[in-house]
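# The sequence and its predicted three-dimensional model are supplied below.
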Amino acid sequence: MTLGIGINFACTIDQISRFCYSRNSTSETTSPGALDIIASTLETAYMLACSSALAQLERVRQQTERLCEPLETEDYCIQPMLDASPPKWHLAHTTWFFETFVLKHAVANYQVFDSAYEYLFNSYYEGIGTRHPRSDRGLLSRPLVGEIYAYRKHVDDALQSLLAGTPDTECLRRIELGLHHEQQHQELLITDLKCNLGRNPIHPIYLEKPSLLVQPTSVQTTFIEHSGRMLEIGAELNKNPFCFDNELPRHSVWLAPYAIADRLVTNGEYLEFILDGGYETVSLWLSDGWGEKVARGWISPEYWFQEDGEWLEYTLHGVTPVDLESPVCHVSYFEADAYARWIGARLPTEFEWEAAAQTADHGERGTFAEDGHFHPRPQSPTFCGDCWQWTSSSYAPYPGYQPLEGTLGEYNGKFMANQYVLRGGSCATPVSHYRHSYRNFFYSKDRWQFTGIRLGRNLDN
C-alpha cells in the first residue's frame, strides 16, 4: 500500500505568496502583459486554494462525525481517566478551535453559537482565558449531544461562507492548521474511546472487524546498518506542504554509525520478555519506570489479560487471542526501554529513526486509520503505520525553533519538557495527516495510545 495524498493546499498558498512578491517587486520593470499573466495566475492559485480548503474541510469534518456513528448516546459523555476526553468533548473542542482561531479572526461581527462554549471547550490555551477543568470533562451531561452537533453545523456553515468569499492567506493557513488539529483529535477520539470500552468488563465492540487481506510477512527481524554521517533532519516544505512548527527548522545532525530494525517488535517477542520475568527483573528498568510498574501493577501491555491460561487482548473489534505476529502495542516508554535492555538493544533516537525512514521509504506503509482496522496487523518491513514508536529522544525544540505567533504559539512549544518523541504513525492516524518528520510526544508512563517498539543498536565506528 502506498502513502496517500495529504492536505496540501498550503503549497498553493505559498505559490500565492511568491506571486504577490513577484508582482510587487517587478511592477516597475515588467510589461503590462506580463503583469496580467501574473495576476491571472495569482487568481487561479487563489481559487484553487479556496476550493481545496473547502473540499478538505468537508472531508475531515465529516470523518470525525463518521467515527462517532457506531456510538450510543451514553458513550458520548464517558471520561475513563484524566488524560482521556469524552467523544462529545472532542466534537466540541475541534469546533471551538475553528470558531476561535479562524472565524473570530476573519469574520467581522461573527456571532458565536454559545458564549459559554469558550470556557467549556478550551483545552489549554491560556491566552484565551480560563477553562473548565480537564478532570471534569466527563461530568458535562449538558450541553446535549444534539446541541454539540448543532454547534458543529453552525461553525461549518460559517466556514463554508468564509471560503466562498475572499479569505486572506493567513485565514487559509489557520484553516489548514485546524484540519490537522482535528485529525489529531480523530486519533485521540479512537484511543480515548478504546480506553473507555476497554475498561468495561463486558468488553463492548466499537466496530466489526473489516475483511482485510493480511499480506504474508517474515517474523525475522533484519537490522539495517547506517554509516556515521552528517544529514539534514526536519520537515522539507517542498515535499510536505504542511508541517507543525515543532518539525522546523530543518537542520544538520551528526549521526554515529547505528543499526535499526526493519519492523516492530511483535507480541510473540514481547511475550518472551514477560515469560522470562521481564516485569519482575528490577535491573532492566529505569528507576521511575520500576516505580510506575509497581504503583500501577503492570504485568503486561495495556488491554492484555489471561483467561484459562491463554493471553487475550481487548481490541476495538472485540476480544481476541493475542496475535503473536502482530506488533505489540499499548506499552509505555518504560516498558519499551526495559524490553530493549532485555534483548540487548536500545531504542533509536528520533534522528536515527527519521534518517532510516527516509532512506527506506519506497511508498510502503502499515495500517492507518483509513483502513478502518483500528489495531496493528502483521507487518512487512516498513517504518510507518500500525504503532507510534518510542524513541530515546526527549521532546525538545530544534535549534532555531520559532513557535507560531500569538496564542497559537501554545500549540506545541510549551509542552517541550519531560516527554519523549514518538515517530511513525499508527492504525488510528489518518494517513493524509502523516509524514516522516512528524514528531508525536507523550509522557513516559503513557500507554493508552497505539505505542510500540522499534529497536536500535550501536555499531563500531
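Yep, it's here.
# Shouldn't Lys88 be within a helix?
Yes - assessed with DSSP: H, G, I helix; E, B strand; the rest coil, Lys88 lies in a helix.
# who touches it in this structure?
Shown in contact with Lys88 (Cβ atoms under 8 Å, 6 or more residues apart in numbering): Tyr76, Cys77, Leu140, Val145, Ile148. The C-beta positions use only the backbone N, C-alpha and C, and glycine is treated the same way.
# Leaving aside the residues adjacent along the chain, what's closest to the second one?
What it means is Cys77. Take Cys77 and drop its neighbours on the chain: the residue closest to it by Cβ to Cβ, 6 or more residues apart in numbering is Pro86, 5.1 Å away.
# Hmm, that neighbour is touching Leu71, no?
No - using Cβ atoms under 8 Å, Pro86 makes no contact with Leu71, being 10.3 Å away.
# out of the contacts of Lys88, which is most surrounded?
Ile148 (23 neighbours; other Cβ atoms under 10 Å).
# show me where this structure has strands.
Listed in chain order, the strands of the chain (DSSP state E) span 223-226, 229-233, 251-255, 258-261, 304-307, 310-315, 318-321, 388-394, 420-423, 440-442, 451-452, 456-458.
# For Trp290, see how far away the spatially most central residue of the chain is.
In the chain, the centroid-proximal residue (Cα atoms, centre = their mean) is Gln184; its distance is 4.9 Å. From Gln184 across to Trp290, the span is 32 Å (Cβ to Cβ, to the nearest Å).
# same check, this time on Trp448
From Trp448 over to Trp290 (counting by Cβ to Cβ), the distance is 20 Å.
# More neighbours: these two, which one.
The neighbour comparison of Trp448 against Trp290 (other Cβ under 10 Å) goes to Trp448, with 20 against 17.
# Please determine how far that one is located from Pro86.
From Trp448 to Pro86 the distance is 14 Å (Cβ to Cβ).
# go on, Ala396?
Ala396 is 32 Å from Pro86, by Cβ to Cβ.
# got it, and Ile190?
13 Å.
# same deal with Ala256?
Ala256 is 46 Å from Pro86, by Cβ to Cβ.
# Comparing Ala396 and Pro86, which residue is more hemmed in?
Between Ala396 and Pro86, counted using other Cβ under 10 Å, Pro86 has the larger neighbour count: 23 against 15.
# what is the mean pLDDT for stretch 353-373?
Per-region confidence: stretch 353-373 scores 91 on mean pLDDT.
# what comes up buried for that stretch?
By 16 or more other Cβ atoms under 10 Å, the buried positions in stretch 353-373 come out as 353-358, 360, 364-369, 371, 373.
# residues contacting the residue nearest to Arg457 when sequence neighbours are not counted?
Ranked by Cβ to Cβ, 6+ apart and with sequence neighbours excluded, the top spatial neighbour of Arg457 is Ala259, at 4.5 Å. Residues in contact with Ala259 (Cβ under 8 Å, 6+ apart) are Phe223, Ile224, Glu225, His226, Gly456, Arg457, Asn458, Leu459.
# Leu422 is in contact with Phe441, isn't it?
Yes - Leu422 is in contact with Phe441 according to Cβ under 8 Å; the separation is 6.7 Å.
# So, low pLDDT: which residues of the chain?
1-45, 212-219, 461 (pLDDT under 70).
# Okay, and which of the contacts of Lys88 map to helices?
Val145, Ile148 (DSSP state H).
# so can I have TSV of the contacts of Lys88 showing distance to Gly409?
Below are these laid out as TSV (distance: Cβ to Cβ, whole Å):
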residue	distance to Gly409
Tyr76	32
Cys77	32
Leu140	28
Val145	33
Ile148	28
